[in-house]
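Q: have a look; sequence and predicted model below, questions after that.
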Amino acid sequence: MQIELIHRPGNTAAKIQLDQGESCTAESGAMIAMSGNMDITTTTHKKQSGGLLKAVKRMMAGESLFLNHFEPKAGAGEVWLGATLAGDMMTYDLDQESLIVQSGSFLACESSVEVDLGWQGFKSFLSGESVFWLNLRGSGNVLLNSFGAIYPVEVNGEYIVDTGHIVAFNESLDFSLTKVGGSWLKSFLGGEGIVCKFKGRGTVWCQSHNPTSFGSAMSSDLKARKV
Amino acid sequence: MSFTQYRVVLTGVLNPGVTQEQAIEAIAQLFNTQPERVSQAFTQAPIAIKKDVDLPTAQRIQNALSQSGVMVDIQTMEGEAVSSGQPQDVSIKGDQQTSKGSDELQRYDMPGLQFSIEGRPDYAFLTVQLPKNETLKVEASAMATMDTHIVMKTKIKGGLGRLLTSESLFINEFTAENGPGEIGIAPGTPGDLAHVHLNNETIYLQNSAFVASSSSVITETKWQGLAKGFFSGESLFLIRCSGNGDLWFNTYGGIIMLDVDGDYVVDTGNIVAFTEGLDYDITKVGGYKSLFFSGEGFVCRFKGKGKVWIQTRNVGAFLHWVEPFRPVESSSSDD
């Protein structure tokens, strides 16, 4: 599987080339074009693993319940993937390790990578923030997208990142949700709400823009929904 | 062929008085890359340093590099030479430099109108130079700036069909009366612009992709047929552009040109344009489970030989993303 990113950083699309016998898994709705010999199968779980329970967990993660698997039928094939929002993409090569990914940032992975809702999910759920985490495990290439630019932060010790700005982080980092101000009230009034505090050693990939802030900025100008 | 793509080839030749280090630094800066990669390219010269660009872009790169004393050639992707950089004295700057540039443009004898596209690929903006009495067709409301002696006329093109496309009903015609003028055109969505010079060829545009064309290009709406139009979820109409002349169309997000030979599948929301001669069908991807749950819905399957332009972003998908942010209003109150 070869990934090529084009039109970076603003209008990034990824071209994934698959040889015969190779396959990849992508977020539903991410395909923008593909060669005619590409076969799509849609499942509620990764092939040969998990089951409906995992799919339900993934749906709770704000990620679609379904994943698409692409596999060229005869010979090699290619798939183009694009995200909804303007921004960059990055690839990461997993080597018998785990990467925790913010659910909206997951785009695709090699079939050898396991997609699962991370253990942090429950903790985030309790916090009331609609941020959920996917746990990508195993070995293989992973493709992530961001809203705006992506920048890595090497953490050694402690570091705080706003929940809406996290793309992914190494599982070696310990992670807790906390308030940024002295008190919950101050924190809330300051507009920061809940932030993530990382402890340990590893990398956090951040995105320059927060999708929820963008949506909120447009909100008052949008036509109201009738209920 | 008017869809020719060009490449910029580093010859390795430098202006007198320019060191390789300076040249490497200039190229690294222009392409926003590592100096090490550039110096590696120098050892392999002649080598293509930019591929698949249109002629104006290639010329811009050539101009920028010649100002730093680096000579590059422009070739078609097939290797046919278009223009060679000639060593020149770097001390010549200013007027002489720019006049040389315009001479070169004329020397290529490019067919069609003179134009430039700036802000690519994220915020492309088109500026067209109109000779005296020349008329340009522009999508309604896309004109951003123009000289005062350019006069606008609104015409209803394509009759009822155009009314039914979600594209606005009108194409405005801008004519340079009493002398040549310049017009700046900004598409509605942030993204890229593509230019093709039609030479008795036909291109079909997705209904909101039209930006501008020379007056000799015939634009008409084409009924896709109920099955194709309805199921594609996009529009029942395509815009058919034919004849001779320049045509510009825009995308939401980056633009990707695909050479189709055989068959290729494109999400209906990401189609921008395609050349005539390609057969297309609206189909489902995979099985029925994929139809409803893959998030792809219906896709367009192109068959035959030709070119398809696609965009990296999808307006429909963005609207879907915005949906949860809409304020909620009780049904009793007015909109």
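A: In hand now; what should we look at? Numbers count the residues shown, from 1 in each chain, chains lettered A, B, ... in the order given.
Q: how about the helices in the chain?
A: I went with chain A, as the question did not name one. Using DSSP state H, the helices of chain A run over A:52-60, A:120-127, A:184-189, A:211-219.
Q: the intended chain is chain B.
A: B:20-31, B:35-43, B:55-67, B:95-108, B:159-164, B:226-232, B:288-293, B:315-322.
Q: least confident of the ones you listed, on average?
A: Comparing mean pLDDT across those, the weakest is helix B:95-108, with a mean of 35.
Q: just to revisit the earlier point, where among the helices of chain A is the average confidence lowest?
A: helix A:120-127 (a mean of 46).
Q: which pLDDT value goes with the residue most central in space within chain B?
A: Residue closest to the mean C-alpha point of chain B, counted by CA atoms, centre = their mean, is residue B:194 at 1.0 Å. Confidence at residue B:194, expressed as pLDDT, is 88.
Q: what bits of chain A have low per-residue confidence?
A: Scanning chain A for pLDDT under 70 picks out the ranges A:44-66, A:117-132, A:180-193, A:227.
Q: need the CA coordinates for stretch B:248-267. CSV is fine.
A: Backbone C-alpha positions of stretch B:248-267 (Å, rounded to 0.1, in the frame of the first residue of the first chain) are rendered in CSV as follows:
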residue,chain,number,x,y,z
TRP,B,248,-12.2,28.3,-17.1
PHE,B,249,-13.9,26.3,-14.4
ASN,B,250,-13.5,26.1,-10.7
THR,B,251,-13.5,23.5,-7.9
TYR,B,252,-14.2,23.4,-4.3
GLY,B,253,-10.9,22.3,-2.9
GLY,B,254,-7.9,21.1,-5.0
ILE,B,255,-8.3,19.9,-8.5
ILE,B,256,-7.1,16.5,-9.8
MET,B,257,-7.1,15.6,-13.4
LEU,B,258,-7.5,11.9,-14.1
ASP,B,259,-6.7,10.2,-17.4
VAL,B,260,-9.4,7.6,-17.8
ASP,B,261,-8.6,4.6,-20.0
GLY,B,262,-11.0,1.8,-19.2
ASP,B,263,-13.2,2.7,-16.3
TYR,B,264,-13.0,4.9,-13.3
VAL,B,265,-15.4,5.6,-10.4
VAL,B,266,-16.0,9.1,-9.0
ASP,B,267,-18.3,10.2,-6.1
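Q: for stretch B:118-138, how far is the first residue from the last?
A: Taking CA to CA, to the nearest Å, stretch B:118-138 runs 18 Å from one end to the other.
Q: briefly note if that stretch comes near chain A.
A: Yes: contact of stretch B:118-138 with chain A (CB under 8 Å from any CB of the partner chain) involves B:121, B:122. The way it works is simple: take the backbone N, C-alpha and C, and place the C-beta from them, glycine included.
Q: re the thing from before, and the residue nearest to the centre of chain B, how far from chain A?
A: Note on residue B:194: its distance to chain A, by CB to the nearest CB, to the nearest Å, is 13 Å.
Q: name whatever forms a beta bridge with that residue.
A: In this entry, residue B:194 is beta-bridged to residue B:249, by DSSP bridges.
Q: residue B:254 is in contact with that one, correct?
A: No: with contact defined as CB atoms under 8 Å, residue B:194 does not reach residue B:254; the gap is 10.7 Å.
Q: so which bits of the stretch 51-200 of chain B are right by chain A?
A: Checking the stretch 51-200 of chain B against chain A by CB under 8 Å from any CB, the hits are B:121, B:122, B:190, B:191, B:192.
Q: tally of neighbours for the second one?
A: Spelled out, that is residue B:122. Residue B:122 has 15 neighbours, counted by other CB atoms under 10 Å in any protein chain shown.
Q: look at it and report its pLDDT.
A: Reported pLDDT for residue B:122: 83.
Q: ditto for residue B:75
A: Note for residue B:75: predicted pLDDT of 76.
Q: now swap in residue B:44 and tell me
A: 71.
Q: who are the contact partners of residue A:10?
A: Going by CB atoms under 8 Å, 6 or more residues apart in numbering or on different chains, residue A:10 touches A:86, A:87, A:88, B:121, B:122, B:254.
Q: skipping adjacent residues, who's closest to the residue in the stretch 1-150 of chain B that chain A sits nearest to in space?
A: Closest residue of the stretch 1-150 of chain B to chain A, CB to the nearest CB: residue B:122 (3.9 Å). Nearest residue to residue B:122, sequence neighbours excluded (CB to CB, 6 or more residues apart in numbering or on different chains): residue A:10, at 3.9 Å.
Q: phi first, then psi, for that neighbour.
A: Phi and psi for residue A:10, reported as degrees, to the nearest 10, are phi -80, psi -40.
Q: kindly report the same for residue B:134.
A: Torsion angles, degrees, to the nearest 10, at residue B:134: phi -90, psi 150.
Q: from residue B:151, how far out is it?
A: 12 Å (CB to CB, to the nearest Å).
Q: overlap in contacts of those two?
A: Joint contacts of residue B:134 and residue B:151 (CB under 8 Å, 6+ apart) are residue B:175.
Q: just want to know which of the two has more residues nearby.
A: Between residue B:134 and residue B:151, counting by other CB under 10 Å, residue B:134 is the more crowded of the two (17 against 14).
Q: the more buried one against residue B:175, yeah?
A: Yes: at 7.2 Å, residue B:134 counts as touching residue B:175 under the criterion of CB under 8 Å.
Q: contacting residues for the residue of the stretch 1-150 of chain B closest to chain A?
A: Counting by CB under 8 Å, 6+ apart, residue B:122 makes contact with A:10, A:11, A:86, B:190, B:191, B:192, B:254.
Q: possible to save these as TSV with distance to residue A:36?
A: Converted to TSV, the contacts of residue B:122 look like this (distance: CB to CB, whole Å):
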residue	distance to residue A:36
A:10	29
A:11	25
A:86	29
B:190	31
B:191	26
B:192	25
B:254	22
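Q: sort out which one of those residues lies nearest residue A:4 for me.
A: Closest approach to residue A:4 among the contacts of residue B:122 (CB to CB): residue B:254, at 13.1 Å.
Q: and the closest one, how close does it get to residue B:50?
A: 16 Å.
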